[in-house]
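Visitor: Got a sequence here, can you model it:
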Amino acid sequence: MQDPNEDTEWNDILRKKGILPPKEVPNEDEGEEALALQQQSVVKSYESMTLEELEENEDEFSDEDEAAIEMYRQQRLAQWKASQLRNVFGELTEISGQDYVQEVNKAGEGIWVVLHLYKQGIPLCTLINQHLAELARKFPQTKFLRSISTTCIANYPDRNLPTLFVYHQGEMKAQLIGGLVFGGMSLKADELEWRLAEVGAVHSDLEENPRKQIQDQLMSSIRSSIPRRDSQSEDED
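Guide: Numbers count the residues shown, from 1 in each chain. Here you go, the predicted structure:
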C-alpha cells in the first residue's frame, strides 16, 4: 500500500484530482521555534554535565553548540581547579632542609606557607605545633609546615625559638621570632590564627584580636584592685 504522504508523481496526480488532500507546507516559524527549543534543551543538558561528561560527548557537539560548550567547560575547569586548591593541604607537615626550596619557595601560585622552626624539648614549640595542626585542619588552603630549626638553617640559635616564617608565592611576608612575641605558654590557637590572618595567610572569621580581650580584662582587674582614696583623705592631702 502506497503512503499518501510520500512525495511521488502518482500522489501529485491524485492530489490534482482531489482524491488526496493538498500536501501540507511546513510553517517556517514553527520549524525555527522547534529547532531553537531543541538546541536550547541540548545546551541545558550540556550545562548539567560534569567536566568528564563534556569530554566524553565532545564528538556529538554541533558547530552551533561549540561556543556554549567551551564556555561551560572552562567554567567547570575553573571550579575544579579552585576546589582542588582549597583542599590540597589540611595537615601540619614535617620537612627537612632539603625540602625547603621545593616546599616553601616553589609552593605554587597563590599559595600561603606557614613554616614553624622548632626544637623538641621546648614547651612553647610543642604548644605551637599543636595549635598549627589545628589551624591546618581549619584552613586547608594554606600550607602548614614544621621543621627542626638546625636541619633547615645551620646553627640557628635556640634563643630565637619558636620561629614562624610566613611566605606567599615564595616571598617572605612575616616572621615571628622568640617566645616573647607569642606571649609565652598562655598562647591560644585563636590568637595565633589572628596573627596569621593579619598578614593574609588565612581567612579568619575572628572579628577582633583575642589577645586584646585578655589584655582588657587584665587591665580592668588591675584597676579594680587599686585602693581608692576617699574624699576626706584627698582633703587632707
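Visitor: where's Glu171 relative to Lys106, distance?
Guide: 12 Å (Cβ to Cβ, to the nearest Å). The C-beta positions use only the backbone N, C-alpha and C, and glycine is treated the same way.
Visitor: Who has more neighbours out of those two?
Guide: When Glu171 and Lys106 are compared for neighbours, Lys106 comes out ahead with 11 against 8, by other Cβ atoms under 10 Å.
Visitor: I'd like the distance from that one to Tyr167, if you could.
Guide: Lys106 is 10 Å from Tyr167, where distance means Cβ to Cβ.
Visitor: Over to Asp158?
Guide: Look at Asp158 and Tyr167: by Cβ to Cβ, they are 23 Å apart.
Visitor: So between the two, which is more surrounded?
Guide: Shown here are Asp158 and Tyr167; by other Cβ under 10 Å, Tyr167 has more neighbours (22 against 11).
Visitor: Which strand residues bridge the closest residue to that one other than its chain neighbours?
Guide: Once flanking residues are discounted, Tyr167 sits nearest to Val113: 4.2 Å by Cβ to Cβ, 6 or more residues apart in numbering. Taking DSSP bridges as the rule, Val113 bridges to Lys143, Tyr167.
Visitor: looking at it, Val113 is touching Gln102, isn't it?
Guide: No - contact criterion Cβ atoms under 8 Å: Val113 and Gln102 do not qualify, at 11.3 Å.
Visitor: Tell me which of the two has more neighbours.
Guide: Higher neighbour count among Val113 and Gln102: Val113, with 23 against 10, using other Cβ under 10 Å.
Visitor: In contact with the more buried one, which residues?
Guide: Each residue near Val113 by Cβ atoms under 8 Å, 6 or more residues apart in numbering is listed here: 103-104, 107, 142-143, 145, 165-168.
Visitor: Return the member of those residues nearest to Leu192.
Guide: Checking those against Leu192 by Cβ to Cβ gives Val166 as the nearest, at 11.5 Å.
Visitor: The residue lying closest to the closest one once chain neighbours are set aside: what's it in contact with?
Guide: Nearest residue to Val166, sequence neighbours excluded (Cβ to Cβ, 6+ apart): Ala174, at 4.2 Å. Counting by Cβ under 8 Å, 6+ apart, Ala174 makes contact with 164-166, 199, 201.
Visitor: Please identify the helix or strand for Ala174.
Guide: strand 171-177 (DSSP states H and E).
Visitor: Only the buried residues of that strand, if you could.
Guide: Going by neighbour count (16 or more other Cβ atoms under 10 Å), the buried part of strand 171-177 is 174, 176.
Visitor: per the record, what domains does the protein have?
Guide: According to automatic domain parsing, the chain comprises the domains 29-85, 92-220.
Visitor: Would you mind finding the most buried of those?
Guide: domain 92-220 (a mean of 16; mean count of other Cβ atoms under 10 Å).
Visitor: Three-state assignment for Leu115, please.
Guide: For Leu115, the assignment made with DSSP: H, G, I helix; E, B strand; the rest coil gives strand.
Visitor: In terms of mean pLDDT, which of the domains of the chain ranks lowest?
Guide: Among the domains of the chain, domain 29-85 carries the lowest mean pLDDT, at a mean of 63.
Visitor: about what we covered before: right, so of the domains of the chain, which gets closest to Ile13?
Guide: domain 29-85 (27.8 Å).
Visitor: Backbone dihedrals for Ile148, please?
Guide: Reported as degrees, to the nearest 10, the phi and psi values for Ile148 are phi -60, psi 130.
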